[in-house]
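>>> compute the structure for the input listed below.
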Amino acid sequence: MARQGEAAGEVEALRGRVEQWRLTRARQGRMPEALWRAAVSAAQRYGVSHVARALGVGHAALKARTSAAHQPCPQAGAAGRPDGFVEVSAAQLLGPGPASSLVIEYVAREGSRLTLTVPASCQGFDVPALVAALRGP
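Okay, here's the model as predicted:
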């Protein structure tokens, strides 16, 4: 486990990088994946709450990314297809963007939303099986 002074120094340095990005970006947009990876790495060592607060990023987003970094990829074909419609934008799959992840957004009938970022290392990710699992029995 890292010493408290070491943790403060590392998180402070990362906070400086995030602040520099915020000051120099041309327009509103998502934080670069390299900064997210550094934030996840720091959160794994020093805690999600501490890092999220220090960096000024969303606790839920950092927690989800940190949890996803520890979980193995789902197996393709693990569940049957849902009876509903699954929309996957060709622009999301084929367009330019970070090669390190796939973003999936699920909108339930009652209007609730869930956005997932799946690492590119999960080559056999089964979107219909995920939707079936989210919809439940």
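>>> could you find the closest non-adjacent residue to residue 44?
Computed as C-beta to C-beta, 6 or more residues apart in numbering, the closest residue to residue 44 that is not its neighbour in sequence is residue 66, at 6.1 Å. Bear in mind the C-beta positions are built from the backbone N, C-alpha and C, glycine included.
>>> buried set for stretch 55-75?
Across stretch 55-75, burial judged by 16 or more other C-beta atoms under 10 Å covers 55, 57, 61, 62, 64, 65, 66, 68, 74.
>>> whoops, I mixed them up, stretch 21-41
35, 36, 38, 39, 40.
>>> same question for stretch 129-136.
Using 16+ other C-beta under 10 Å as the test for burial, stretch 129-136 gives 129, 130, 131, 132.
>>> only C-alpha atoms, please: export it in CSV.
What follows is stretch 129-136, C-alpha atoms only, in CSV (Å, rounded to 0.1, in the frame of the first residue of the first chain):
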residue,chain,number,x,y,z
ALA,A,129,-27.1,-11.0,-24.3
LEU,A,130,-26.3,-7.9,-22.3
VAL,A,131,-29.6,-6.3,-23.2
ALA,A,132,-31.4,-9.6,-22.3
ALA,A,133,-29.7,-9.6,-18.9
LEU,A,134,-30.6,-5.9,-18.3
ARG,A,135,-34.3,-6.5,-19.2
GLY,A,136,-34.5,-9.4,-16.8
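>>> pLDDT on it, on average?
In this model, stretch 129-136 has a mean pLDDT of 74.
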